[in-house]
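In: Mind looking at a prediction? Sequence and model below.
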Amino acid sequence: MTRDTRSPTIIWFRDDLRLADNPALLAAVDAGGPVIPVFINETGPDSLRGLGGAARWWLHGSLDALDGSLRALGSRLVMARGDALPVLRALANATGADEIVWNRRYHPDAREVDARIKSSFEADGRKVTSFNGALLVEPWEVSTGEGSFYRVYSPFARSARQALGAVRTRPAPTGRIPSPAQWPDSLSLADLKLRPTTPDWAGGLRETWTPGETAAGETLRNFIDERLSRYKTKRDFAAVDATSRLSPHLRFGEISPRAVWTALSRVAEDASGAAERQAAEKFLSELLWREFSYHLLYHLPPLEQANVQDKFDAFPWRQSDDRRAAWETGATGYPIVDAGMRQLWQTGWMHNRIRMVVASFLTKDLLVDWRDGEAWFWDTLVDADAANNPASWQWVSGSGADAAPYFRVFNPVLQGKKFDPDGAFVRAYVPELAALPEKYLHEPWTAPADVLEEAGVRLGETYPEPIVDHAAARKRALEAYQKIKEQAA
DNA sequence: TTTTGAGTTGTTCGA
DNA sequence: GTCGAACAACTCAAA
């Protein structure tokens, strides 16, 4: 059977909401016929893990931006909702499309959906082609000398860097994208109901973020021009704007990791001073952590459910709705923890250092299962990522690959003093403590009564007493880890 | 097959 | 106040 080169090609957008360096989109254009860009809000009995509220908010903006970019090239984004297979089949039937292209995804459930669609379409005599649009190194492209996957970051990173070679990016399509004679039916963006209405809790997100490919590129440029110089030395300070803020853009594929890699590599190569080069190199290594997470997601499913280390199946988590709720709402009585949790709730994002602090607090001080924390982050983070989120939670809790040593329990007071030394972060997100002097800001329960009174703080009323004693909680956590270690032995 | 070196992000204690 | 050692061996990856 010969293919009619004039028949349309469907490009199914998923986690790659951009025009630049998008291999599937370029393939669709190169096919020579009309191009039908489509996004499907996948819901229904077959559904994948649903996006959290914050991610849905972001997705709305990202789709809006993508549709705008496509329209500028004479095309548009067709939007639909439901199970992907019947939606795509109906679309192919309605438009006569005989080819579908997409960029690959790596969660086991998503791979299953994609595989089913591929075999179904191929059985209908249609062509399906997939590409790598999301990763520098796909999970099967690197392996240990023995042929297995990596469980330790450093050798993975070494191997990935070797496999990478020279990274190249490809530009967005130039000129008009050919349209079909007639556009198929599409839902409107509003029909997808991605943004909250009553109540509209997204005010803080709107103030903080601009989704979309254009903003992603600007964020990268601003990071390199304005923040990279202090990235290596200041990136751990919660109140300092020294991180890339690229995570949600990468999550939705508004910018490709290859584009980020090449930009930072260039900085590293051209750097005039050692500090600048080191900062760029440090960031590249962080990007490889994202790759490592996807490596694990692919090889160790289901990463968001099962402990990477089996012995953690016996860990004595203490489920408590009260304690979990105190953590979620930022009412633990530990200011650095509460500030982080409120930053998350208000802005859909949390500083990397503080993520570790709050995750350590939930899993070690409160002994609440890491899966509960992962689920909360999944719902509240604009950058909630199928690989990074569970991999990082498992790393902190100790159940993960290349996990933190079990005795590494963050002390929330020390972490506060170290990484928010003047308390600017706590003051910004825990305003009821704002008037406290620096000395007591990270441990208000040690402040003398007159100091508390002068600052307008009444512990247990305006701000909670600590819900656990850290020293005792640390001891209890170490004992719990000791126990599963002995059981495993 | 065995051996060897290495391992993101910390805290506490005692000198 | 500062510093080094202890924390617990264990697993992974590569030679």
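Out: Received it, and whenever you're ready, just let me know what you need.
In: Can you list the buried residues in stretch A:228-238?
Out: In terms of neighbour count (16 or more other Cβ atoms under 10 Å), stretch A:228-238 has its buried residues at A:228-232, A:234-238. Every C-beta, even on glycine, is put in place using the N, C-alpha and C of the backbone.
In: nope, stretch A:178-188 is what I meant
Out: Buried residues in stretch A:178-188, counting neighbours by 16+ other Cβ under 10 Å, are found at A:178-180, A:184, A:186.
In: want to try JSON lines for the buried residues of stretch A:228-238, with secondary structure as columns?
Out: As requested, the buried residues of stretch A:228-238 are exported to JSON lines (DSSP: H, G, I helix; E, B strand; the rest coil):
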{"residue": "A:228", "secondary structure": "helix"}
{"residue": "A:229", "secondary structure": "helix"}
{"residue": "A:230", "secondary structure": "helix"}
{"residue": "A:231", "secondary structure": "helix"}
{"residue": "A:232", "secondary structure": "helix"}
{"residue": "A:234", "secondary structure": "helix"}
{"residue": "A:235", "secondary structure": "coil"}
{"residue": "A:236", "secondary structure": "coil"}
{"residue": "A:237", "secondary structure": "coil"}
{"residue": "A:238", "secondary structure": "coil"}
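In: ok, which of the residues you listed also contact DNA strand B?
Out: The overlap between these and the neighbourhood of DNA strand B (criterion: Cβ under 7 Å from any atom of the strand) consists of residue A:236.
In: could you dump the buried residues of stretch A:228-238 to a markdown table with pLDDT?
Out: Listed next are the buried residues of stretch A:228-238 as a markdown table, based on pLDDT from 0 to 100:
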| residue | pLDDT |
| --- | --- |
| A:228 | 94 |
| A:229 | 90 |
| A:230 | 90 |
| A:231 | 90 |
| A:232 | 85 |
| A:234 | 90 |
| A:235 | 91 |
| A:236 | 92 |
| A:237 | 93 |
| A:238 | 94 |
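In: Not including adjacent chain positions, what is the nearest residue to the closest residue to DNA strand C within the stretch 251-400 of chain A?
Out: Across the stretch 251-400 of chain A, no residue is closer to DNA strand C than residue A:309, which sits at 7.9 Å (Cβ to the nearest atom of the strand). On the basis of Cβ to Cβ, 6 or more residues apart in numbering, the spatially nearest residue to residue A:309 that is not a chain neighbour turns out to be residue A:399, at 5.2 Å.
In: what's the neighbour count on that neighbour?
Out: Residue crowding around residue A:399 was assessed by other Cβ atoms under 10 Å; the count is 24.
In: do stretch A:352-361 and DNA strand B meet at all?
Out: Yes: looking at stretch A:352-361 against DNA strand B by Cβ under 7 Å from any atom of the strand, the contacts come from A:352-353, A:356.
In: what does stretch A:338-355 rub up against?
Out: The list of residues contacting stretch A:338-355 from outside it, by Cβ atoms under 8 Å, 6 or more residues apart in numbering, reads A:54, A:57-58, A:204-205, A:207-209, A:235-238, A:243, A:245, A:247-248, A:327-332, A:336, A:357-358, A:377, A:380-383, A:392, A:415, A:419-420, A:425-426, A:428-430.
In: meant to ask about stretch A:108-119, not that
Out: Residues from elsewhere that reach stretch A:108-119 (Cβ under 8 Å, 6+ apart): A:14, A:42, A:46, A:48-49, A:84-85, A:88, A:100, A:102, A:104-105, A:128, A:130, A:298, A:301-302, A:386.
In: Filter those down to the ones in strands?
Out: A:42, A:100, A:102, A:128, A:130 (DSSP state E).
In: got a pLDDT number for the first one?
Out: On the pLDDT scale, residue A:42 is placed at 94.
In: Verify the stated contact: the residue nearest to residue A:309 with residue A:314.
Out: No: contact between residue A:399 and residue A:314 fails when scored by Cβ atoms under 8 Å: they sit 11.0 Å apart.
In: gap between the biggest helix by length in chain A and the chain center?
Out: Within chain A, and with DSSP state H defining each element, the longest helix by residue count is helix A:274-299. Counting by Cα atoms, centre = their mean, to the nearest Å, helix A:274-299 is centred 14 Å from the centre of its parent chain.
In: other SSEs contacting that helix?
Out: Using 3 or more Cβ pairs under 8 Å, 6 or more residues apart in numbering; DSSP states H and E as the contact criterion, the neighbours of helix A:274-299 among helices and strands are helix A:153-164, helix A:231-234, helix A:257-270, helix A:388-397.
In: Output the second one as CSV, nothing but the C-alphas.
Out: Presented in CSV, the C-alpha positions along helix A:231-234 are these (Å, rounded to 0.1, in the frame of the first residue of the first chain):
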residue,chain,number,x,y,z
TYR,A,231,23.8,29.8,41.6
LYS,A,232,26.6,27.7,43.1
THR,A,233,27.0,29.7,46.3
LYS,A,234,23.4,30.9,46.9
